[in-house]
Every structure is written in C-alpha cells, then in structure tokens.
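Asker: the sequence isn't on hand, but the structure is:
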C-alpha cells in the first residue's frame with residue numbers, strides 16, 4: 001500500500017518510510033492512500049473470535065501487502081498479550097477497559113505494536129538506517145508506554161521529553177527508572193514547549209540527516225492504526241452480549257484525537273459502530289466538532305490536536321460531514337472531576353477524570369435508551385494523588401507499579417531550546 005501526506009495528497013511513499021520517518025517532508029502526517037474493508041462475513045462469527053484473531057484480520061487487511069502474514073501474527077501475538085475487557089456498568093452501558101497492558105494505559109496497544117513493526121521494518125536490508133532516535137513528548141501515559149515498548153530494542157535510542165513539575169512521581173518512575181536505551185529529559189517549560197521541541201527537531205533536515213529522528217507518539221501512523229483493533233473487539237463483545245454494535249454510541253477521552261481518529265478509521269474499514277463522541281477540554285476540537293468552526297491551520301504550539309489533520313483527511317476536508325459523525329462533549333477540569341464522582345455514584349465504578357468524562361458523555365445523550373460504550377484509557381492509580389483528592393478514598397495500587405517505584409529516577413534537564421535538545425541527543429549517539 002502507498003501512503004500520502006495530509007499536506008499533499010499527491011505525495012506517495014511506502015510503509016517503511018511512513019513508519020520510520022513518521023512526518024512527511026512537507027510537515028504533513030501520513031495516511032493510507034486507500035482503505036481496505038473487512039469482509040461482511042467476518043462479522044457473522046466475530047463474537048466467537050479472540051482478541052488476537054480479530055487483531056490479525058484487521059492488521060492483515062491494512063498491512064498484508066507489505067508484511068508477511070506469519071510476521072503479522074507474531075507482532076499481534078507479542079503486542080496484545082493482555083485483555084481488553086468490556087465491562088457492563090449498567091443495563092446497556094459498558095466500559096471498554098484499555099489499561100490492562102504493562103504501563104496501564106491504552107497507549108500500550110499502539111506502542112507495543114509499533115515497536116515490533118519497527119523491529120521488522122528495521123531488519124529489511126538497506127531499508128532503514130543503522131540507528132534511530134525516537135522522540136516523544138509526554139505528560140505521563142505516552143512516556144511510560146513508549147519507553148517500555150522500545151526498551152532494549154537494538155539500534156534505537158528513546159528520548160522522552162516532559163514538563164517540569166507536571167508529572168507525579170509514579171508517572172515519572174514508569175520511564176525514568178528504566179535506563180538502557182531510554183533517556184528521560186525534564187524540560188523547564190510546558191507540554192506545549194515539549195511538543196514544539198519534538199516537532200521542530202523532526203522537521204530539522206540537518207538534525208535528521210545526522211541522527212535519523214522519528215516519533216512513537218500519535219504523530220506516527222504506526223501508533224494510530226493498531227488502535228482500530230479495539231473498536232472491532234468492542235463490536236465482538238457487544239455482539240456476544242446480544243447487542244447490535246451499530247446501535248451503540250461510543251464515547252472516548254480525547255486530547256490528540258488518536259482514539260477518535262481510530263474510531264473513524266474503523267468505521268471506514270467496515271466496523272458497524274454507532275456515533276463517535278470525544279470527551280474533551282475546551283479548545284480546537286471542541287470549536288470544530290461542537291461549535292462548527294472551520295479547521296484552523298496546524299499549529300503545534302497552541303494545543304492543536306495532532307491527529308486533527310488525519311481526521312479531516314478522512315472526510316476529504318468536509319467539516320460538515322465530519323460533524324455528522326463526530327461529536328464533542330466538552331468538560332472543564334472541574335467538570336472532569338465531578339464526572340469521577342458521578343460515575344462512582346451512579347455505577348460504583350472508579351475512573352480517572354478523562355475516562356470518567358467519556359462515561360459522563362454517555363449520560364448526557366438525549367437518546368439514553370441506546371447502548372453506549374465508554375473507552376477507559378488509563379488505570380486510575382496512575383493519577384493516585386489526584387484521584388485520592390477527588391474521591392476521598394484510596395485507589396488500589398497495581399502490583400506492577402512496585403517495580404518502577406523501587407528504582408531511582410535518572411534524567412537530564414534542559415531549557416526548551418533546540419540547541420539544548422541537540423546536545424542531549426548527541427550525548428547518547
């Protein structure tokens with residue numbers, strides 16, 4: 001399959017370049033040039049298939065032209081060696097728990113798949129450089145998921161930029177205690193400063209020529225495509241519960257829109273899912289999806305959702321068509337916290353603020369008789385201090401956190417400038 005840039009539909013490249021050099025030369029993001037559809041017959045017995053069976057069919061439909069089937073089966077099996085349960089909170093209201101991977105975040109699905117796909121592509125003779133430097137900006141979840149997914153991968157150095165004072169000790173420990181080929185960088189600035197540093201470095205021709213930079217966050221198409229899988233998995237589990245997935249509304253937390261975009265991609269491939277709602281903070285996505293404003297030019301320094309260009313491309317630049325399928329449920333930070341209390345009060349279920357907002361978005365619907373699925377992105381223990389303050393009671397701490405918390409964090413510290421980042425990158429290459 002060929003891949004094009006969201007900034008230039010005429011530009012074409014192959015899978016290896018789209019994954020290894022995840023930002024196009026013109027600054028656009030890569031998208032598949034065509035969308036394969038899963039055969040309708042697949043849905044006849046989808047409820048009898050395992051997660052890895054479903055994942056293989058989806059992955060093979062997308063990547064089968066470029067990756068051997070046996071290789072894909074191994075990538076799927078190694079990546080998705082944990083459950084994605086659909087938990088019924090009340091009659092017809094479900095939580096799709098995406099936090100059962102090693103870093104307790106939905107990002108484990110995409111990053112583990114990407115790391116293994118990258119390992120395969122990097123093994124292709126003459127296709128990739130001998131060493132790659134992965135850059136990622138994080139406020140917690142991405143850093144832990146990416147560091148653990150790429151840990152020990154030969155020929156790869158991982159640099160995790162995060163804003164000083166914004167992460168809990170637990171969030172920082174998930175990537176800053178690993179060592180090996182993972183390099184935490186505490187930036188004296190905001191997450192927007194971190195994102196802008198990553199974007200600037202990825203587009204710096206001289207720096208890329210010397211160090212072969214890429215990203216493993218949702219700028220990389222290889223991180224987003226695997227997220228399509230759990231929408232098909234949700235269809236399977238809904239059917240097993242006797243519910244037609246096409247009647248179910250899906251709500252999900254959104255920041256950079258990877259899940260909203262993956263949901264729209266899943267629908268493009270034939271997944272029979274109902275409406276798609278992103279539970280979001282006030283901002284660009286809310287302006288477009290809830291207020292009907294036009295999609296503004298890309299600006300990574302102002303909280304612009306990274307995957308909005310992809311979402312817009314899926315709809316051919318037709319904002320009205322996008323708004324018919326994609327909705328926004330806007331929550332302020334205070335409303336997110338209230339959502340935590342509401343979800344616990346109504347369902348007896350503990351969810352962190354952004355995921356609780358997705359559940360609360362289902363409760364806001366005017367057609368409450370329809371089934372609903374909320375994506376639960378992150379284990380609440382990853383926000384232990386905040387959750388304790390919101391709920392007034394303790395959150396159970398998963399055992400895997402003990403491994404991180406027992407170690408000492410090691411990190412570099414820089415000002416938010418490209419020369420400062422260049423110095424750190426050079427230090428480890």
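Answerer: That came through fine. Remember, it's a predicted structure, so these values are computed and weren't measured experimentally. Numbers count the residues shown, from 1 in each chain.
Asker: mind listing the strands for the stretch 101-250 of the chain?
Answerer: Secondary structure of the stretch 101-250 of the chain (DSSP state E, counting those that start in this stretch): strands at 132-137, 156-163, 182-187, 213-215, 249-253.
Asker: which one of these lies closest to residue 78?
Answerer: Counting by Cβ to Cβ, residue 78 lies closest to strand 156-163 out of these; the figure is 16.2 Å. Where you see a C-beta, it was placed from the backbone N, CA and C, and this is true even at glycine.
Asker: what does that closest one rub up against?
Answerer: Contacts of strand 156-163 with the rest of the structure, by Cβ atoms under 8 Å, 6 or more residues apart in numbering, involve 118, 122, 131-140, 143, 146-147, 150-151, 172, 175-176, 181-187, 189-191, 193-194, 197-198, 216, 421, 424-425, 428-429.
Asker: let's test this: mean pLDDT of that strand, rounded?
Answerer: Averaging pLDDT along strand 156-163 gives 91.
Asker: what pairs with it, parallel or antiparallel?
Answerer: Next to strand 156-163 in the sheet, as set by DSSP bridges, lie strand 132-137 (parallel), strand 182-187 (parallel).
Asker: how far off centre is the first one?
Answerer: Spelled out, that is strand 132-137. Mean-position distance between strand 132-137 and its chain equals 15 Å (Cα atoms, centre = their mean, to the nearest Å).
Asker: ok, and the closest non-adjacent residue to residue 61?
Answerer: Using Cβ to Cβ, 6 or more residues apart in numbering and skipping the chain neighbours, the partner closest in space to residue 61 is residue 36 (4.5 Å).
Asker: circling back to that earlier point, per-stretch mean pLDDT over the strands of the stretch 101-250 of the chain, give me the minimum one.
Answerer: Averaged per stretch, pLDDT over the strands of the stretch 101-250 of the chain is lowest on strand 213-215, reaching a mean of 84.
Asker: what is it packed up against?
Answerer: In terms of contacts (3 or more Cβ pairs under 8 Å, 6 or more residues apart in numbering; DSSP states H and E), strand 213-215 is packed against strand 132-137, helix 191-202.
Asker: tabulate the strands paired with strand 156-163 (TSV), appending mean neighbour count.
Answerer: Below are the strands paired with strand 156-163 laid out as TSV (neighbours: other Cβ atoms under 10 Å):
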stretch	mean neighbour count
strand 132-137	26
strand 182-187	23
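Asker: for residue 288, find the nearest of the ones you listed.
Answerer: Ranking these by proximity to residue 288 (Cβ to Cβ) places strand 132-137 first, at 22.6 Å.
Asker: and the angle for that closest one with helix 191-202?
Answerer: Orientation note: strand 132-137 sits at an angle of 160 degrees relative to helix 191-202 (axes from the mean of the first three to the mean of the last three Cα atoms, to 10 degrees).
Asker: give me the contacts around strand 132-137.
Answerer: For strand 132-137, with Cβ under 8 Å, 6+ apart as the criterion, the contacting residues are 20, 118, 122, 142-143, 146, 150, 155-162, 191, 194-195, 197-198, 201-202, 211-217, 425, 429.
Asker: ok, back up a step: counting neighbours, what do you get for the residue nearest to residue 61?
Answerer: As a burial measure, residue 36 scores 17 neighbours (other Cβ atoms under 10 Å).
Asker: give me the next element, helix or strand, following the helix or strand of the chain with the lowest mean pLDDT.
Answerer: The helix or strand of the chain with the lowest confidence, counting by mean pLDDT, DSSP states H and E, is helix 401-405 at a mean of 64. Past helix 401-405, heading to the C-terminal end, the next element that is a helix or strand (DSSP states H and E) is strand 412-414.
Asker: what mean pLDDT does the next helix or strand after that next one have?
Answerer: Following the chain from strand 412-414 toward its C-terminal end, the next helix or strand by DSSP H and E is helix 418-427. When the per-residue pLDDT values of helix 418-427 are averaged, the result is 93.
Asker: and helix 418-427, which residues are buried?
Answerer: Of the residues in helix 418-427, 420, 421, 422, 424, 425 count as buried by neighbour count, 16 or more other Cβ atoms under 10 Å.
Asker: stretch 227-237 too?
Answerer: In stretch 227-237, the ones that count as buried by 16+ other Cβ under 10 Å are 227, 228, 229, 230, 231, 232, 233, 234, 235, 236, 237.
Asker: okay if I get those residues as CSV plus pLDDT and distance to residue 394?
Answerer: Converted to CSV, those look like this (pLDDT from 0 to 100; distance: Cβ to Cβ, whole Å):
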residue, pLDDT, distance to residue 394
227, 98, 31
228, 98, 36
229, 98, 33
230, 97, 29
231, 98, 33
232, 98, 36
233, 98, 31
234, 98, 30
235, 97, 36
236, 97, 34
237, 98, 30
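Asker: which elements pack onto the helix or strand hosting residue 338?
Answerer: Applying DSSP H and E as the criterion places residue 338 in helix 333-347. Of the remaining helices and strands, those touching helix 333-347 by 3+ Cβ pairs under 8 Å, 6+ apart are strand 86-90, helix 353-363, helix 384-391.
Asker: off-centre distance for the shortest one?
Answerer: Mean C-alpha position of strand 86-90 versus that of the full chain (Cα atoms, centre = their mean) differs by 23 Å.
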